[in-house]
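S.K.: quick check, what structure comes out for this input:
(2 chains)
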2 protein chains.
Amino acid sequence: MTGPDIPESHPRYESLLTRHRIEEGVDLGITSRQGLIAQGRGEAFDYLLGEETLPSADEAERVAAASLLRADHAVLSVNGNVAALAPGELVELAEATGADLEVNLFNRTEARMERIADHLREHGAEAVKGLDADGRIPGLDHERAKVDADGIGDADVVLVPLEDGDRAEALAEMGKTELVVDLNPLSRSAQSATVPIIDNLIRAVPNMTAHARELADADDEELDAIIERFDAETALAAAERAIREPDDADDS
Amino acid sequence: MTGPDIPESHPRYESLLTRHRIEEGVDLGITSRQGLIAQGRGEAFDYLLGEETLPSADEAERVAAASLLRADHAVLSVNGNVAALAPGELVELAEATGADLEVNLFNRTEARMERIADHLREHGAEAVKGLDADGRIPGLDHERAKVDADGIGDADVVLVPLEDGDRAEALAEMGKTELVVDLNPLSRSAQSATVPIIDNLIRAVPNMTAHARELADADDEELDAIIERFDAETALAAAERAIREPDDADDS
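M.R.: Residues are numbered from 1 along each chain as shown, chains lettered A, B, ... in the order given. Model (predicted):
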């Protein structure tokens, strides 16, 4: 856990930590201009959500944890903002679920790929995929389509936090179980997800890890039951209601 | 009007133009990291507002135009994002209302002040204030408090687009008529304004100019009547309703 010298009891702890990590991401050359604008969009939606994990999001995070545990091959996709915001937290989630980590950028340059992989290794990652780029996602143009054949290319379950809409839709069309973290319930990424998680990444990833640890001894039947019960439409509607009508929000 | 090669008929014209200008602002060193994040927050609120000027915002823009025309001394405050997003449009508004332009930064450095003043001059500004910094706004710490004594220091009416909450509140406490452009109706800036304008700067400034031109021959009595009729609480409530409950939004 990297962080500035902010006590966890500070009322703006999460917000200050986020700001610090994004600034650091820019200094390290892993957060792009588009990433900073995207961060601002997320802040606004989180503000309207009340900056807390909704009960419906907590449920989606539990379902996502169950899906990662139940996968034949799970991969956590990491872009620049994700690497800046929650590097250590993602490494912990990968460890708790047996998932691979793969760097996957909307604006791909080899230098940024390397810097992000290094950043993840500095936060404890042992193996980082994405640099081979010997696989392709159908339906996307050349640079945007690149993945590792033995990573996202081979995965049956993929966590794509803060992903752009085209990529999220293309992955969904490949038939993969797609777990999306996005603060905008109306975004194409959230709408195309098998499991849309409408929550701040900074809260969502540690909570998925906590659920995964709690479910570590669950058998396949129990995991399948958790996954089966989930309804994406209901989760999206609960988040939209929380944004639009905060007074009678999220009674799921 | 600077702009990329985008036809005005393009369905995403405004969004693409905004993006282009913000990118250019970064290249020119006038848009900061914080400015990029703030831009993203604005995009999210504009998305929820439907990316259009509400009737209540159009009314506020007319009231703002009347206030600028009626002022003894009106000043348009310009920060990094404002300069990047609407430099030519602000110069036109200043001309149409007889207002001064003053550069005023949250993170003040002499280099950025100069670059922003240059950018405004390249878009037709003849005089740009803010560089003397021989006045102070009471209640703010040293760098944040600096204004020109014969600019914002002397003004009775100030337009502060995209201003931070502390500064907006401190200006309001000085008894100035404060016109605020902000896409978040719940922000402290919007809440402390005499005239809160809940609209995208890119739409709001040209619309204020159009209203000012239309009101150019109005007498003081007519301008006062327009100003008197305005109710800030009602305008804020209409914008919040548009965000929260789009189906029965803004019937003002």
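S.K.: what's the distance between the closest residue to A:K146 other than its chain neighbours and A:D100?
M.R.: Of all residues beyond its chain neighbours, the one nearest A:K146 is A:A133 (4.1 Å), with distances taken as CB to CB, 6 or more residues apart in numbering or on different chains. Heads up, the C-betas are built off the backbone N, CA and C, glycines and all. Going from A:A133 to A:D100 by CB to CB, to the nearest Å gives 15 Å.
S.K.: end-to-end on stretch A:122-131?
M.R.: Counting by CA to CA, to the nearest Å, you get 17 Å between the two ends of stretch A:122-131.
S.K.: tell me the mean pLDDT for it?
M.R.: For stretch A:122-131, mean pLDDT is 96.
S.K.: repeat that for stretch A:243-252.
M.R.: Here the average pLDDT along stretch A:243-252 is 59.
S.K.: can you report how many residues lie near the residue of the stretch 51-200 of chain A found nearest chain B?
M.R.: Taking CB to the nearest CB as the measure, the stretch 51-200 of chain A has A:N184 as its residue closest to chain B, at 7.2 Å. By other CB atoms under 10 Å in any protein chain shown, 21 other residues sit near A:N184.
S.K.: and it, what is it in contact with?
M.R.: A:41-42, A:45, A:190, A:198, B:44, B:47 (CB atoms under 8 Å, 6 or more residues apart in numbering or on different chains).
S.K.: swap in 6 Å and give it another go.
M.R.: A:F45 (CB atoms under 6 Å, 6 or more residues apart in numbering or on different chains).
S.K.: now swap in the one 5 residues further on and tell me
M.R.: Applying CB under 6 Å, 6+ apart to A:S189 gives the contacts A:163, A:165, A:168, A:180, A:182.
S.K.: the residue of the stretch 51-200 of chain A closest to chain B belongs to a strand, doesn't it?
M.R.: No - under DSSP: H, G, I helix; E, B strand; the rest coil, A:N184 falls outside any strand and is assigned coil.
S.K.: can you show me the helices along the stretch 101-250 of chain A?
M.R.: Under the criterion DSSP state H, counting those that start in this stretch, helices of the stretch 101-250 of chain A are mapped to A:110-122, A:142-145, A:165-173, A:188-192, A:201-214, A:220-229, A:232-244.
S.K.: check those for me: which has the lowest mean pLDDT.
M.R.: Looking at the helices of the stretch 101-250 of chain A, the bottom one is helix A:142-145 with a mean of 84.
S.K.: returning to that earlier point: what count of nearby residues applies to the residue nearest to A:K146?
M.R.: There are 20 residues near A:A133, going by other CB under 10 Å.
S.K.: also A:D217?
M.R.: Neighbours around A:D217, by other CB under 10 Å: 7.
S.K.: what's the spacing between A:E14 and A:G50?
M.R.: Distance from A:E14 to A:G50, by CB to CB: 12 Å.
S.K.: the more surrounded of these two?
M.R.: More crowded of A:E14 and A:G50, by other CB under 10 Å: A:E14, with 17 against 13.
S.K.: residue contacts, the residue most central in space within chain A?
M.R.: Closest to where the C-alpha atoms of chain A average out (CA atoms, centre = their mean) is A:P161, at 2.5 Å. The contact partners of A:P161, by CB under 6 Å, 6+ apart, come to A:82, A:181, A:201.
S.K.: residues in contact with the first one?
M.R.: Spelled out, that is A:V82. A:161-162.
S.K.: quick one: secondary structure of it?
M.R.: Criterion first, three-state DSSP; result for A:V82: helix.
S.K.: before we move on, the earlier item: could you flag which of the contacts of A:S189 are buried?
M.R.: A:163, A:168, A:180, A:182 (16 or more other CB atoms under 10 Å in any protein chain shown).
S.K.: possible to save those residues as CSV with distance to B:R144?
M.R.: Output for these, formatted as CSV (distance: CB to CB, whole Å):
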residue, distance to B:R144
A:E163, 38
A:A168, 41
A:V180, 40
A:D182, 35
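S.K.: out of those, what pair is the most spread apart?
M.R.: Taking CB to CB as the measure, the buried ones among the contacts of A:S189 span a maximum distance of 8.4 Å, between A:A168 and A:D182.
S.K.: measure A:A64 to A:V160 for me?
M.R.: For A:A64, the distance to A:V160 (CB to CB) stands at 11 Å.
S.K.: tell me which of those two has more neighbours.
M.R.: Using other CB under 10 Å, the more surrounded residue of A:A64 and A:V160 is A:A64, with 32 against 27.
S.K.: these two touch, right, the more buried one and A:T194?
M.R.: No - with contact defined as CB atoms under 6 Å, A:A64 does not count as touching A:T194 (9.3 Å).
S.K.: what about stretch A:25-44, distance to the chain center?
M.R.: 15 Å (CA atoms, centre = their mean, to the nearest Å).
S.K.: hmm, it in reach of chain B?
M.R.: Yes - shown here: stretch A:25-44 in contact with chain B (CB under 6 Å from any CB of the partner chain) through A:26, A:33, A:36-41, A:43-44.
S.K.: what's next to that stretch, contact-wise?
M.R.: A:22, A:80-81, A:83-84, A:115-116, A:119, A:183, B:26, B:33, B:36-41, B:43-45.
S.K.: for chain B, what's its nearest residue on chain A.
M.R.: A:G40 (2.3 Å).
S.K.: residues near that residue, how many?
M.R.: A:G40, neighbours per other CB under 10 Å, totals 21.
S.K.: element containing it?
M.R.: A:G40 is part of helix A:33-49, with elements assigned from DSSP states H and E.
S.K.: helix or strand right after that helix?
M.R.: Trace forward from helix A:33-49 with DSSP H and E and the next one is helix A:55-70.
S.K.: got the CA positions of that next one in PDB?
M.R.: Output of helix A:55-70 as PDB, limited to C-alpha atoms (Å, rounded to 0.1, in the frame of the first residue of the first chain):
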ATOM      1  CA  PRO A  55     -25.600  -2.700  -1.200                       C
ATOM      2  CA  SER A  56     -26.200  -3.600  -4.900                       C
ATOM      3  CA  ALA A  57     -22.500  -2.900  -5.600                       C
ATOM      4  CA  ASP A  58     -21.400  -5.000  -2.700                       C
ATOM      5  CA  GLU A  59     -23.500  -7.900  -4.000                       C
ATOM      6  CA  ALA A  60     -21.900  -7.500  -7.500                       C
ATOM      7  CA  GLU A  61     -18.500  -7.500  -5.900                       C
ATOM      8  CA  ARG A  62     -19.300 -10.800  -4.200                       C
ATOM      9  CA  VAL A  63     -20.600 -12.200  -7.500                       C
ATOM     10  CA  ALA A  64     -17.400 -11.000  -9.200                       C
ATOM     11  CA  ALA A  65     -15.300 -12.700  -6.600                       C
ATOM     12  CA  ALA A  66     -17.300 -16.000  -7.000                       C
ATOM     13  CA  SER A  67     -16.800 -15.700 -10.800                       C
ATOM     14  CA  LEU A  68     -13.100 -15.200 -10.500                       C
ATOM     15  CA  LEU A  69     -12.800 -18.200  -8.200                       C
ATOM     16  CA  ARG A  70     -15.000 -20.400 -10.400                       C
END
